[in-house]
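K.L.:
Return a 3D structure for these sequence lines:
(2 chains)
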Amino acid sequence: METANIVQNGRQLVTKNPMAAFLIVVGVVLIIDVVRQLATGDITFSRILSLLWDGLMRGLVIGLAGIGLSMTYSILNFANFAHGDYITAGAFAGWATTYLIAGGFGAESSVGSLLLVGAGGSVFGGTLGINVVSTPLAVVAGLIVACGFTIALALLMDRFVFKPIRGSGGIPLLITSIGAAFAIRYLLRFVFDPGTRGTTAAGAVPDIRPTIIDGSVVFTMHDLALIVVAGGLMLGVHLLLQRTKLGKAMRAMSDDQSLSRITGIPTERVIRATWIIGGGLTGVSGFMFVLWKGTLSWNDGWLLLLLIFAAVILGGIGSVYGAIVGGLIIGIVASTAVIWIPSGFARAAAFFVMILFLVVRPQGIFAGRSTA
Amino acid sequence: MTDTEPDDEYAQRDDEEEVSFFGITFPNDGTMLLVLLLATYALYLIAGAVIGFPVRGLVNQLGQLTFWIALFAMSALALNLQWGYTGLFNIGIVGFMATGVYVTAIISKPVYGTGTSAAQVGGLGLPLSVGILGGVLAAGLLGFLAALPALRLRADYLAIVTIALSEIVRFALLSNTLSEGTVGGYTLGLGGGNGLILDFTDPLEALIRALSLPFDLVTGQEGFLWTEIYIGIIVNGISVFTPGNPKSVVDTFAYAAVLLLVLGGFYVLLRRTGNSPFGRVLKAIREDEDVTNALGKNTNQFKIKSFVVGCALMGLIGILWFGTQGSVTPNTFRPRITFYIWIALIIGGAGSNTGSVMGGAIFAAFLFQGPRYAKNVIETVLGEPSAPSSFSQAVAPILSADIVPFFLYTVDNMRQLQLVLMGVVLIVLMHRRPDGLLGHRKEIASSVPLDRPTGNKSLASDGGETDE
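P.N.:
Presented below is the predicted three-dimensional model:
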């Protein structure tokens, strides 16, 4: 009876959804290949764990940034291509603050170089000894400024760029957001110069290196900081959406805008709240991403944006939990893909998973569950 | 009825309407385009002449300007087929361009070891015409593969899929794994981050030599047009005015002229497509896909065709772009090129072919080449000043009311600011004029004029019969 059921289900899957069946086959092949690589010694177990951990961290950043994108996508009904550059803008604002404080307000280097986050190699994060343990105050202050600055930026952009054409549909808004994205990105490049800078004292970050099965895996203090901040904020968003009146209003608006207006929900105020929450989370994710990876460049956010879109679509647009889960999946895919394919294609693999998902299940994993 | 072709009779007469631009009224679109182009060239010449730009530099600038105008106008037309006609939101244009260039390179580069760059990977060594055909087909094929799943999706999903695809293409071109390899005895590859040296035949020379075939038969001399007319008369004639490598100047202009001809071809193709039954279905899909479906049209098939043709054209544009550049690197194909083309289309007005050409020209002249030219002009006037190296050094003197360093820094970083300007222009356009300059027209969907006949008796009034 049981086996008959499985066979029956399998047959249904193949006939009704050949794409899904194909994906399952591909997944099985990949797992078999990992087992083969482990058996032949091409890859160690600890390496797989390291990659998974790396993917998890990336996923937290993508998920955190994805919440904001997902909210604006569902409540304002457009894909905001400027979101990635909000991340970069937040990161630069936050890191300028961190540099300024860690550099003793001009004691270590000129205020100008500190505020420009060491443009042109004039001062290095490593020299200032920035990390979450030795300069906690600078890091926390940077985090707060990143959050505040991105909120201000998001509100400003909404007021002058998106609000005037809010009624004209998703596509004109999308095109406008592309214009905004380029304006912000190249303005940042104009001010902060195109170089990539190292922002943290990479060697000095405290870490533990436990040996797991056949090799050591590194867990750093910055991983922990990222988990605490991202996890805490995700929990906060969950509580906000489920327990507060604002959260209820936001969920209502993403379901049906006209109906919620009739019900008496002050839609403009809810939209502003959406930008504030989304913008704040975005700025924090940008700052934490830079803290975690230790480098900062003018197109970091743009490079992350497509992965964030992938996460949001994977999870189902409008679902906050979907964005988080999607972010973790995309992060892990992008990191672990190097087990099977050359490293140059890791990001391509994540995009490919997104495209496959769009074809197989365009509504996303969490579609149809009203979560906001 | 007898003295005009049916095509003219039924074609839309939009471009006969009056148009106004900055308060100046033109009798029709074509005149406006012509006046605009002439004004642009005049402006460039005057700006150059006033500051005493060397003649050669000025001429080169004009040649390049023409090149970019043709290129962006073609790109805007190709995008117009997808977005303006059919409503397919493709923001992965640059991926299709890259595919075209690279496939052409692989097919037409000389076989490994025989080319001018022995260290580089080789190609199949086939003629350039085969390479171009292959590149166009490959771009079309990639479009087909992208279209199959993506066209079932919403417009914003298609946007994300296409931009992701264009990035996947770029990563593939960048990857070390595919940079070199041996396939069937040939050493081929994509060159990785270093890109490819495009050491196939110069397309201009190939074209002129091909055109020369009938003359060759008459004169009995191989490549008559190329050696005798082009090199012998034109290039040597020009050398009287600009001694010292006159060929490059002439080449720039000749190639730009070829591109203008291809642009004309694009325009005719797009116009005919737009007025054909096929084009009307595309426009119907753009307006309301469900209704079109209900009327018995297989909209998916139409969308795929339109998308594939557009992508193939984009591949061709990529090939034409890099035909004379000598080399190509993957990082040229960043999404900002796609962004340029979208701005060009939106300036002109999605849906209008003349508008697309005009948008391409305005974009190339004022947003793309303009700031760079202005930078050149300003730096020449100021005698190549040294700009501050960072923003803080540029801003600090403002406190003491010295804005010169900031100004110099701004000029020096014109290429960054240019993109900021483009972004702002796009935002303002979407706010103030989302239909662009010429995209606001009503489109006549029927194949015959629906206006009530006026004046003389028409076919309808005598029972629909003609007695001619």
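K.L.:
What pLDDT is listed against whichever residue of the stretch 201-350 of chain A sits closest to chain B?
P.N.:
Residue of the stretch 201-350 of chain A nearest chain B, by C-beta to the nearest C-beta: A:Gly344 (3.5 Å). (Each C-beta comes from the backbone N, C-alpha and C, glycine too.) We have a pLDDT of 78 for A:Gly344.
K.L.:
Next up, phi/psi of the nearest residue to it once chain neighbours are set aside, please.
P.N.:
Closest residue to A:Gly344 apart from its sequence neighbours, by C-beta to C-beta, 6 or more residues apart in numbering or on different chains: B:Ser175 at 3.5 Å. With angles defined as degrees, to the nearest 10, B:Ser175 sits at phi -70, psi 150.
K.L.:
what sits against B:Ser175?
P.N.:
Each residue near B:Ser175 by C-beta atoms under 8 Å, 6 or more residues apart in numbering or on different chains is listed here: A:342, A:344-345, B:190, B:192.
K.L.:
Show the buried residues in these.
P.N.:
A:344-345, B:190, B:192 (16 or more other C-beta atoms under 10 Å in any protein chain shown).
K.L.:
Which ones among those residues map onto helices?
P.N.:
Counting by DSSP state H, no part of the buried ones among the contacts of B:Ser175 is found in helices.
K.L.:
Dump the residues you listed into a markdown table; add distance to B:Ala164 as well.
P.N.:
Compiled in a markdown table, those are given as follows (distance: C-beta to C-beta, whole Å):
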| residue | distance to B:Ala164 |
| --- | --- |
| A:Gly344 | 16 |
| A:Phe345 | 13 |
| B:Leu190 | 19 |
| B:Gly192 | 21 |
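K.L.:
Is B:Asp199 located within a helix, as I assumed?
P.N.:
No: counting by DSSP: H, G, I helix; E, B strand; the rest coil, B:Asp199 is not part of a helix but coil.
K.L.:
Quick check: the residue of the stretch 151-300 of chain B nearest chain A.
P.N.:
For the stretch 151-300 of chain B, C-beta to the nearest C-beta, closest residue to chain A: B:Ser175, 3.5 Å.
K.L.:
Please spell out which residues along stretch B:39-53 are buried.
P.N.:
B:40, B:44, B:47-48, B:53.
K.L.:
Could you check the pLDDT of B:Asp8?
P.N.:
43.
K.L.:
which helix is the longest one in chain A?
P.N.:
helix A:45-76.
K.L.:
Please determine whether that helix lies in contact with chain B.
P.N.:
No: applying C-beta under 8 Å from any C-beta of the partner chain, one finds helix A:45-76 separated from chain B by no less than 8.6 Å.
K.L.:
in that helix, what's buried?
P.N.:
A:46-76.
K.L.:
In which helix or strand does the closest residue to A:Gly68 other than its chain neighbours reside?
P.N.:
Of all residues not flanking A:Gly68 in the chain, A:Gly278 sits nearest, at 2.9 Å (C-beta to C-beta, 6+ apart). Following DSSP states H and E, one finds A:Gly278 within helix A:267-293.
K.L.:
returning to that earlier point: and the residue nearest to A:Gly68, what is it in contact with?
P.N.:
By C-beta under 8 Å, 6+ apart, the contact list for A:Gly278 reads A:67-69, A:71-72, A:154.
K.L.:
B:Cys364 contacts B:Leu71, correct?
P.N.:
I think there's a mix-up here, since residue B:364 is Ala and not Cys. Yes: B:Ala364 lies in contact with B:Leu71 (C-beta atoms under 8 Å); the separation is 7.3 Å.
K.L.:
in the stretch 301-450 of chain B, which spans are helices?
P.N.:
Along the stretch 301-450 of chain B, the segments classed as helices by DSSP state H, counting those that start in this stretch run B:335-348, B:353-362, B:369-381, B:391-395, B:404-412, B:414-432.
K.L.:
Adding distance to B:Gly123 and mean neighbour count, write those out as TSV.
P.N.:
Output for these, formatted as TSV (distance: least, C-beta to C-beta, whole Å; neighbours: other C-beta atoms under 10 Å in any protein chain shown):
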stretch	distance to B:Gly123	mean neighbour count
helix B:335-348	24	25
helix B:353-362	31	29
helix B:369-381	32	17
helix B:391-395	45	20
helix B:404-412	39	17
helix B:414-432	32	19
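K.L.:
Check those for me: which has the lowest mean pLDDT.
P.N.:
helix B:391-395 (a mean of 76).
K.L.:
after the longest helix of chain A comes which helix or strand?
P.N.:
Helix A:45-76 is succeeded, C-terminally, by helix A:83-102 (DSSP H and E).
K.L.:
before we move on, the earlier item: which one of the buried residues of stretch B:39-53 is nearest chain A?
P.N.:
Nearest member of the buried residues of stretch B:39-53 to chain A, counting by C-beta to the nearest C-beta, is B:Thr40, at 23.1 Å.
K.L.:
The closest one - nearest residue in space that isn't next to it in sequence?
P.N.:
Closest to B:Thr40 by C-beta to C-beta, 6+ apart is B:Ala365, at 4.4 Å.
K.L.:
for the chain, which spans come out with low pLDDT?
P.N.:
The chain I'm using is chain A. A:1-2, A:13, A:107-108, A:121, A:367-372 (pLDDT under 70).
K.L.:
ah, no, chain B please
P.N.:
Using pLDDT under 70, chain B drops low at B:1-27, B:113-120, B:184-185, B:239-244, B:439-468.
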